[in-house]
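Trainee: starting from these lines, generate the structure:
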Amino acid sequence: MPASSRRSRLLRRTGYVCGGLLVLAVLAGGLLYARLDSNIRTDEATARALRADHGSRPAKAGKAQNILLLGTDSQAGWGSTRADTTMLLHLSADRRSASMTSIPRDLMVDIPACLTAEGNRTSAEYAQFNWAYERAGASCTIRTFEKLSGIRVDHHLVVDFSGFMKVTDAVGGVEVDVPATVHESVDDPDYGVTLRPGRQLLSGREALVFVRTRLGVSDGSDLQRIERQKQFMRDLSRKVIDAGTLTSPTRLYPVLDAVTSSLTADDGMDSPAELYSLLSGARSLPPHAIRTVTLPATEHPDYVGRYEPVEDEARALFKALREDKPLPRHLYNAYDKDGQRDRPYFEKS
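Mentor: Numbers count the residues shown, from 1 in each chain. Next comes the predicted model:
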């Protein structure tokens, strides 16, 4: 057989093999995508409740996107379900900047009458912010935030704490600095975890205790815990980037599986494609274009251990977010060249 014919047959066979592998890769990718897609739960109850109360919600303004991120203790074994962590992700209309605003869970606010999943109506009350989720789920938290801020929430994501642990374990743990202000150690018998001061690698269970506990850490306040949560998220992000997780399918898939399996979202964000489409414009933002801030708060004069907004500062922050303007410069946290330094905004009365 002529050499040219042998080469031709070899090229055809190679082409068939490569084509077959490509088809398998596409099928495998489709199966993996389908699994990730099926992991995400659609929050239909919240959609129904918000439609019922659409007349009392702020109007949508412009092309900026406001996404409320809720971390709940529903899977953590802590009795009644509350939104232990609440943050507003604001993406500017031109997608050239973004901000993350944390709302203290112990902030005293007006919680409106909310429609429950069973069709009942709760009573309006003045209570701490995280009670809204316990009263009537994500829809009540959204409406409480909208009443507080005047900002229309476009989308919401709810992550339970079991997912938080899975993500931390999926990246091989996260190295953090446990503050030296820890009084010898923090013991959590529910999780069999003991934390001591110093730099250390935390597993999922240990990380959950680190970001949730207040007793024995810093001044024990919710605001200090918020700052610890922000620091952990920066450490987690750095671990994902430095390990090359984003460019390695074998490393990335377990992380995506852990994230999506613990996620509940509205019908505009309940698929990997929709999540990617919404956030892709902000994925390459440099650090200086992303601001993190905690709602300015001060100790409440009538409720021990609770907070109230610093009115003029909170008003300026919410106005900037509503109008898609830069945040007041003195409010957002300052970073050093390594992105490490973080100044919380907190006033003691």
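
Trainee: for the rest of this, base every contact and every neighbour count on C-alpha atoms.
Mentor: OK.

Trainee: what is the neighbour count of Arg196?
Mentor: By the other CA atoms under 10 Å criterion, the neighbourhood of Arg196 contains 17 residues.

Trainee: the most centrally placed residue in the chain sits in which helix or strand?
Mentor: For the chain, the residue lying nearest the average C-alpha position, counting by CA atoms, centre = their mean, turns out to be Leu69 (4.7 Å). Assessed by DSSP states H and E, Leu69 sits inside strand 65-72.

Trainee: which SSE is immediately downstream of that strand?
Mentor: In the C-terminal direction from strand 65-72 (assignment by DSSP H and E), the next one is strand 83-91.

Trainee: then that following strand to PDB, C-alphas only?
Mentor: Backbone C-alpha positions of strand 83-91 (Å, rounded to 0.1, in the frame of the first residue of the first chain) are rendered in PDB as follows:
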ATOM      1  CA  ALA A  83     -31.200  34.300  57.600                       C
ATOM      2  CA  ASP A  84     -28.000  34.400  59.600                       C
ATOM      3  CA  THR A  85     -26.200  36.300  56.800                       C
ATOM      4  CA  THR A  86     -27.700  38.900  54.400                       C
ATOM      5  CA  MET A  87     -25.800  40.800  51.800                       C
ATOM      6  CA  LEU A  88     -26.900  42.900  48.800                       C
ATOM      7  CA  LEU A  89     -24.800  42.400  45.700                       C
ATOM      8  CA  HIS A  90     -25.200  45.500  43.500                       C
ATOM      9  CA  LEU A  91     -23.900  45.300  39.900                       C
END
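
Trainee: name the helices or strands packed onto it?
Mentor: strand 65-72, strand 98-102, helix 131-149 (3 or more CA pairs under 8 Å, 6 or more residues apart in numbering; DSSP states H and E).

Trainee: export these as TSV, with columns for distance to His156.
Mentor: Output for the helices and strands packed on strand 83-91, formatted as TSV (distance: least, CA to CA, whole Å):
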stretch	distance to His156
strand 65-72	5
strand 98-102	14
helix 131-149	8
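
Trainee: how many neighbours does Tyr253 have?
Mentor: Burial measure for Tyr253: 17 neighbouring residues, criterion other CA under 10 Å.

Trainee: and it, how close does it get to Ser261?
Mentor: Tyr253 is 12 Å from Ser261, where distance means CA to CA, to the nearest Å.

Trainee: swap in Asp43?
Mentor: Distance check for Asp43 against Ser261: by CA to CA, it reads 14 Å.

Trainee: same deal with Ser38?
Mentor: Using CA to CA, one gets 8 Å for the distance from Ser38 to Ser261.

Trainee: quick check: which ranges of the stretch 51-200 of the chain have low pLDDT?
Mentor: In the predicted model of the stretch 51-200 of the chain, residues 74-82, 180-192 satisfy pLDDT under 70.

Trainee: hmm, Gly173 and Asp235 touching each other?
Mentor: No - counting by CA atoms under 8 Å, Asp235 stays clear of Gly173, with 10.3 Å between them.

Trainee: ok, and the closest non-adjacent residue to Glu125?
Mentor: In space, not counting the residues next to it along the chain, Glu125 is nearest to Ile111; the distance is 5.3 Å by CA to CA, 6 or more residues apart in numbering.

Trainee: quick one: low-confidence parts of the stretch 201-349 of the chain?
Mentor: Per-residue confidence for the stretch 201-349 of the chain (pLDDT under 70) gives these ranges: 214-222, 246-247, 278-284, 287, 332-349.

Trainee: the stretch 101-250 of the chain: helices as residue ranges?
Mentor: Here the stretch 101-250 of the chain has its helices, by DSSP state H, counting those that start in this stretch, at 131-149, 161-170, 204-212, 222-242, 249-261.

Trainee: quick check, the residue nearest to the centre of the chain in contact with Val158.
Mentor: Yes - counting by CA under 8 Å, Val158 is a contact partner of Leu69 at 6.1 Å.

Trainee: please name the nearest non-neighbouring residue to Glu44.
Mentor: Asp266 (7.0 Å).
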